[in-house]
Structure formats: C-alpha cells, structure tokens
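In: Need coordinates for the below:
(chains A, B and C)
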Amino acid sequence: MQTVVHLLSGDETEQETALAIARNLLDDETNRIDDVAVVVQADGIAAIDATDGNVEQVRALLDDGVAFKACRNTMDMMEMDESDLVDGVETVPEGAVEVTRLQSDGYAYLRP
Amino acid sequence: MQTVVHLLSGDETEQETALAIARNLLDDETNRIDDVAVVVQADGIAAIDATDGNVEQVRALLDDGVAFKACRNTMDMMEMDESDLVDGVETVPEGAVEVTRLQSDGYAYLRP
Amino acid sequence: MQTVVHLLSGDETEQETALAIARNLLDDETNRIDDVAVVVQADGIAAIDATDGNVEQVRALLDDGVAFKACRNTMDMMEMDESDLVDGVETVPEGAVEVTRLQSDGYAYLRP
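Out: Numbers count the residues shown, from 1 in each chain, chains lettered A, B, ... in the order given. Just a heads-up that it's a prediction; the model follows:
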C-alpha cells in the first residue's frame, strides 16, 4: 500500500502530526506500507524550510525513504527557491495536481 | 483525472487555500485535470455566501467550469436557501454523501 | 459505498463536524452508504474519551453501526488504555495505517 500525506496547514500542531504520521507509516510493524510521499504546499511549506525547527525530523524521514514534494506555485508566491528547503526535498509544479496524480496511481490520502 | 475539493472549514485561510487550489487545478499546464468539483458544507458555507468577500473568485471558478455543490443539510441548519448563495452554485442533499459518491466515481480527494 | 472519517483534530468544532457527518452518512435517505468507520488519532482522541462531552453522541453512532477505531500509538503516548474510551470503541495499532488500509479496500475518505 502507498500513502500520500498532504501538508498544507500553517498550524504547527498539524505540521507535527503530519510528520509524526509519516514516521508511523514507515514504522508499521505489519510492513504493509510500501511508499510514503508528503506533498507540501500553501502555509505547510514552513515545515520544510531549511531554517525551520523540523529540519532534523524531515531529514530523517528523507533518509528513511519518504519522498517530500514541495509545490513550486507556493514557492513562487513566497519568493522561495530550492535552496530555502531542507536538502533532498523535490519540487513539483503544483501540489494539488501531484496529490491528484498520486491518488489516481492508487495512493491513499491522509490530511492530518 | 478528476478532483473534489472538500470545503468545510470556517477558517478564512483554509477557505482561501481551497479556492486557490481549485484555480491551480484548472490552470495546470499539463492539462491532466478534467473536472474539478468543490463540495461545501458546515462552516465552509460562508465561502460561497452571496454576500461574502469571495463572490468574485467563486463566480470566476464557476465560469471556468468548476462545479460548486452546497450541502442542503447545512443550509437547513443555518436557515439559508439557494438565493443566499453565489448564483450558479448547485445544491446536494448531504455534502459528505456527495464526496463519497464522487470518490467512488474515481475523483481524487483534497481537503485544504 | 463505504466511508472512513478521519478524526485527528483537537479542535472541538472539527470534532463536532466529524461526528455530525458520521450521523448524516448514516441518515442518507438514498441508502447508498453501506459502512461508516471513524478512525481516531492524535488530538482527536479527546472526542471519544469516556469522560468527554461527546459520549452520548459517540454511543448512539456505535449503536447504529458506526465502527470507531482508536489509534494505540496515540493512546500509548497519552498513557490511555481502553477503559478510558467510550465503551464499544475498537483499537488499531496505528490510525494512519488503518485509514490507508480502508482506502485500499475501497472506502472513500473524509477529513472534517
């Protein structure tokens, strides 16, 4: 099974829940989760900012195989470029299109 | 691909994100999104109120083919009728049933 | 059709909306909804606490066939056990895995 976590809230509790859920999906003892993606857009982008407090947690998830995909539409609006994000985060043209594409490829959707 | 955006929050930032995401799905340069629906219920209904600040944005999305579907259960509870909504918004008996139906028809789900 | 409602917010309005939506799915006059599950984790767990204000509402939903599934990872973190929850609530090892599993079994997803 595959899961996409949609992270688009500026609320720090929701951001922490999203990252904790990505970790719990990885740690599932029944090993039924094959892929975890986190698509990040809107105010959620703060959670993957290279100067943000979640850097270590995001880096550990990347190291363990979680794909982070940041929305370039959001980054353009916020005048950010890839160097502003945690190293290893990919970008996609539009987060909502990517989440649609992943679901159409069979990913389950979680919105913490 | 088809996408349903579920708008049920009274939070103005979440409402603005939902409308912006509907716009970005329409504007996708790869033209992979065929249909966008916005199902509106609970406190989200304020975003499609005919006297609300989002009127122009909702009308532009309607003009460009986005289907807006307001929950009549919510409208009954709030003592609203169709004349209280932006012109062109449809109604459905229950938003949650409509979102279920659309997903069972293959729509991806986004909850901004 | 089948629907899973994901309840993970500590916000009382979002919790009330989630329970009201579970009720509205049950009450659908077109009888197209066969199963409703509510997966509860993170701060959402307060909504099914046996000492919480929603007890009567949760009990009535359970009586009417809604399956409530509480995340044991969350319960462990909050040092709760089953006796702290409304009687009849099941537990699952990890809520996010359960939501993924249900979607992969064909459930639609709602995140109020």
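
In: Okay, and the beta partners of the residue nearest the centre of chain A?
Out: For chain A, A:V38 is the residue whose C-alpha lies nearest the centre (C-alpha atoms, centre = their mean; 2.5 Å). For A:V38, the beta-bridge partners under DSSP bridges are A:V5, A:F68.

In: quick one, what contacts it?
Out: A:4-5, A:7, A:18-19, A:22, A:61, A:66-69 (C-beta atoms under 8 Å, 6 or more residues apart in numbering or on different chains). C-beta coordinates here come from the backbone N, C-alpha and C atoms, glycine included.

In: If we use 10 Å, what do you get?
Out: By C-beta atoms under 10 Å, 6 or more residues apart in numbering or on different chains, the residues touching A:V38 are A:3-7, A:18-19, A:21-22, A:44, A:47-48, A:58, A:61-62, A:66-70, A:89, A:110, A:112.

In: for A:A18, same thing?
Out: A:5-9, A:11, A:38, A:40, A:44, A:47, A:54, A:110-112, C:8, C:42, C:96 are the contacts of A:A18 under C-beta under 10 Å, 6+ apart.

In: Give me the subset of these that lies in helices.
Out: Among those, the members found in helices (DSSP state H) are C:A96.

In: Can you show me the strands along chain A?
Out: Using DSSP state E, the strands of chain A run over residues A:2-7, A:35-40, A:67-71, A:90-92, A:108-110.

In: As CSV, those strands with mean pLDDT would be great.
Out: Formatted as CSV, these follow (pLDDT from 0 to 100):
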stretch, mean pLDDT
strand A:2-7, 98
strand A:35-40, 98
strand A:67-71, 98
strand A:90-92, 98
strand A:108-110, 98
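
In: So which of those is nearest B:D27?
Out: Checking the strands of chain A against B:D27 by C-beta to C-beta gives strand A:67-71 as the closest, at 12.8 Å.

In: Show me what the closest one is packed up against.
Out: Applying 3 or more C-beta pairs under 10 Å, 6 or more residues apart in numbering or on different chains; DSSP states H and E, we find strand A:67-71 packed against strand A:2-7, strand A:35-40, helix A:55-63, strand A:90-92, helix A:95-104.

In: In contact with the closest residue to chain C within chain A: list those residues for me.
Out: Relative to chain C, the nearest point of chain A is A:A108 (3.8 Å; C-beta to the nearest C-beta). Residues counted as contacts of A:A108 (C-beta under 10 Å, 6+ apart) are A:1-5, A:25, A:33, A:102, C:4, C:96-97, C:99-104, C:107, C:109.
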